[in-house]
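Asks: A predicted structure for the sequence below; I have some questions about it.
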Amino acid sequence: MASAATILHADLDAFYASVEQLLDPRLRGKPIAVGGGVVLAASYEARAFGVRSGMPGRRARELCRDLVFVGGHFDEYQRLGDAAIGVLGDFTPAVERISIDEAFADVAGCTHLFGPPAEIARRVRARVRAELGLPISIGVARTKHLAKVASQVAKPDGLVVVDPGAEMEFLRDLPVGLMWGVGPATEARLAEIGVSTIGQLAETAPHRVEELLGHAAGRKLTDLAWNRDPRHVQARGRAQSAGAQSALGRRPAVEAVFKPTLHHLADRIGARLRARSLAGRTITVRVRFADLRAVTRSITMSAAVSATRALAEIAEDLVRRVLADHQDEKVISLLAISVSHLEAQTDLQLVLPLGLPDEGRRPGTQKGLARSRADQAVDAIRKRFGRDAVDYASASREARSVPDEFRRLAEKDL
DNA sequence: TCTGGGGTCCTAGGACCC
DNA sequence: TCTGGGGTCCTAGGACCC
């Protein structure tokens, strides 16, 4: 016998923009964008003009003459996002938070207290509206995938319940792009074989889908189209990697450009890692060229690193390798560093920055010691006076096209 | 439309070991 | 000595999610 529809997917509508309209009533009903140089979020009124997040501010203004840009109240986003997810938590501990504005909840264990899932969803929406002043859409269904699709269909500010007896009918005519795991590339490939709806995908032979998309992705999508979703609602684990990136516009591919930027990125990552007593064995850099094509280089070391200078120097070496392999590329448009293979950092490692590439490891040199002490001093000052209180001299402030507060909202807990 | 930032997972080839 | 198979790790790239 099929289980009941007890999974909720709750998603705050145009979250950042809705918060701004909440804080300033004059913005309500108007097309607004959070951000400036780049659109970080757009209200539904702005989306109607084609304004999208990630879009350059200039382009957005072209699309919508009356677009109002607002600076962003990042502390409020965090507070209100936490509060909205907290409302779900008042009904059940089985909450899986996906991001600042989105979460799953399984209410199977609390219907005897609060009534059927649809009733719980109604109460969540009413409370978020009454207590926080924000619109939130909810999908209710038997599986996570169905609940997620349902909340998308429910937007804006709606509730959609998928009855277990009507699931296939619900999915059949919806575009494949609504499925979890189908982005622009997959959508285009499916279109090539004449598949544009979930129903059509379900009718396609599984081996064809796998040939087209690869084993894992093909199988996953076939399962979802056939409405087989084994995933459970469960609290999220810690991050597996920590990274930072900076878009540069169009800058010459020379040391004077990439060194300060890499130092700034290494500083951001190093500080986060050290705050959690973590370090990582694998460092990956990503270099994007003028035509937006990106190349990565990585190295895995025998010992984990978290010292800013060590991270920066390893990243510099990797970027030099990229540029040596692409000598015809004179312009770079983005630099990124990611640190993975994270592990707990022992006290010894905290003091002695081990772990340059294997051949070049330098255990506890005077220089290494001084660097690590500098990190500790900087970390301590930031802890007392805030994250912007100190900055390495060589770290470029101009590289920050997006406010640090916005970056922080996207960081997953390490 | 020449595009932000922080993440996750998959693929495929090669090295290496047993 | 040759051959084969399986497992694990590393590297580079790609797609996707919010």
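Replies: Here it is on my side, so go on. Numbers count the residues shown, from 1 in each chain, chains lettered A, B, ... in the order given.
Asks: near DNA strand B, which residues of the stretch 251-400 of chain A are found?
Replies: A:268, A:272, A:291, A:292, A:333, A:334, A:336, A:338, A:340, A:400 (CB under 7 Å from any atom of the strand). In this view, the C-beta of every residue, glycine as well, is placed from N, C-alpha and C.
Asks: what subset of those is buried?
Replies: A:268, A:272, A:333, A:334, A:336, A:338, A:340 (16 or more other CB atoms under 10 Å).
Asks: one step back: and the least confident of the residues of the stretch 251-400 of chain A next to DNA strand B?
Replies: Among those, residue A:400 carries the weakest pLDDT, at 54.
Asks: if we can go back for a sec, among the residues of the stretch 251-400 of chain A next to DNA strand B, which two are most distant?
Replies: A:272 and A:291 (31.3 Å; CB to CB).
Asks: restricted to strands, list the residues of the stretch 251-400 of chain A next to DNA strand B.
Replies: Judged by DSSP state E, those include A:333, A:334, A:336, A:338, A:340 as members of strands.
Asks: save those as CSV, and put in distance to DNA strand C too.
Replies: Output for those, formatted as CSV (distance: CB to the nearest atom of the strand, whole Å):
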residue, distance to DNA strand C
A:333, 15
A:334, 13
A:336, 11
A:338, 10
A:340, 9
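Asks: quick check, nearest of those residues to residue A:302?
Replies: Nearest member of these to residue A:302, counting by CB to CB, is residue A:340, at 14.9 Å.
Asks: which residue packs closest to that closest one, ignoring adjacent ones?
Replies: Sequence neighbours aside, residue A:241 is the residue nearest to residue A:340 in space, at 3.9 Å (criterion: CB to CB, 6 or more residues apart in numbering).
Asks: from the buried ones among the residues of the stretch 251-400 of chain A next to DNA strand B, which is closest to residue A:223?
Replies: Relative to residue A:223, the closest of those is residue A:340; by CB to CB it sits at 28.1 Å.
Asks: list the contacts of that closest one.
Replies: Residues near residue A:340 by CB atoms under 8 Å, 6 or more residues apart in numbering: A:240, A:241, A:280, A:281, A:282, A:284.
Asks: now do the fourth one, the pLDDT please.
Replies: The one in question is residue A:281. On the pLDDT scale, residue A:281 gets 96.
Asks: hey, C-alpha coordinates of the helix or strand hosting it in PDB?
Replies: Residue A:281 belongs to strand A:278-289 when assigned by DSSP states H and E. C-alpha atoms of strand A:278-289 as PDB (Å, rounded to 0.1, in the frame of the first residue of the first chain):
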ATOM      1  CA  LEU A 278      39.700  22.300   9.800                       C
ATOM      2  CA  ALA A 279      42.200  22.000   7.100                       C
ATOM      3  CA  GLY A 280      42.100  20.500   3.600                       C
ATOM      4  CA  ARG A 281      44.400  18.200   1.600                       C
ATOM      5  CA  THR A 282      43.300  19.100  -1.900                       C
ATOM      6  CA  ILE A 283      43.500  22.600  -3.400                       C
ATOM      7  CA  THR A 284      41.700  23.300  -6.700                       C
ATOM      8  CA  VAL A 285      42.000  26.500  -8.600                       C
ATOM      9  CA  ARG A 286      39.700  27.600 -11.400                       C
ATOM     10  CA  VAL A 287      40.700  30.100 -14.000                       C
ATOM     11  CA  ARG A 288      38.100  31.500 -16.400                       C
ATOM     12  CA  PHE A 289      39.200  33.200 -19.600                       C
END
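Asks: surely residue A:303 forms part of a helix?
Replies: No. Read with DSSP: H, G, I helix; E, B strand; the rest coil, residue A:303 is strand and lies in no helix.
Asks: pretty sure it contacts residue A:310?
Replies: No. Counting by CB atoms under 8 Å, residue A:303 stays clear of residue A:310, with 10.1 Å between them.
Asks: more crowded one of these two?
Replies: Neighbour totals were compared for residue A:303 and residue A:310, and residue A:310 leads with 24 against 16 (other CB atoms under 10 Å).
Asks: quick one: buried residues of the helix or strand harbouring the more buried one?
Replies: Following DSSP H and E, one finds residue A:310 within helix A:308-325. For helix A:308-325, burial by neighbour count (16+ other CB under 10 Å) applies to A:308-319, A:322-323.
Asks: neighbours of the residue nearest to residue A:408 when sequence neighbours are not counted, how many?
Replies: Using CB to CB, 6+ apart and skipping the chain neighbours, the partner closest in space to residue A:408 is residue A:74 (7.3 Å). Neighbours of residue A:74 under the rule other CB under 10 Å: 19.
Asks: just the pLDDT for residue A:74.
Replies: On the pLDDT scale, residue A:74 is placed at 92.
Asks: again with residue A:406
Replies: Predicted confidence (pLDDT) for residue A:406: 88.
Asks: what do you get for residue A:356?
Replies: Per-residue pLDDT puts residue A:356 at 43.
Asks: residue A:264 now?
Replies: Looking at residue A:264, its pLDDT is 94.
Asks: phi, psi of it?
Replies: Torsion angles at residue A:264 (phi, psi; degrees, to the nearest 10) stand at phi -60, psi -40.
Asks: just to check, it is in contact with residue A:246?
Replies: Yes. Counting by CB under 8 Å, residue A:246 is a contact partner of residue A:264 at 7.1 Å.
Asks: so for the two, which residue has more residues nearby?
Replies: residue A:264 (25 against 20).
Asks: span of stretch A:198-207 from start to end?
Replies: One end of stretch A:198-207 to the other measures 16 Å (CA to CA, to the nearest Å).
Asks: tell me how far that stretch is from the chain's mean position?
Replies: 30 Å (CA atoms, centre = their mean, to the nearest Å).
Asks: how close does residue A:299 get to DNA strand B?
Replies: Residue A:299 sits at a distance of 13 Å from DNA strand B (criterion: CB to the nearest atom of the strand, to the nearest Å).
Asks: swap in residue A:235?
Replies: 14 Å.
Asks: contact partners for residue A:330?
Replies: Going by CB under 8 Å, 6+ apart, the list of residues near residue A:330 reads A:252, A:253, A:290.
Asks: looks like the second one contacts residue A:331 (just checking).
Replies: Yes. Between residue A:253 and residue A:331 there is a contact under CB under 8 Å: 6.2 Å.
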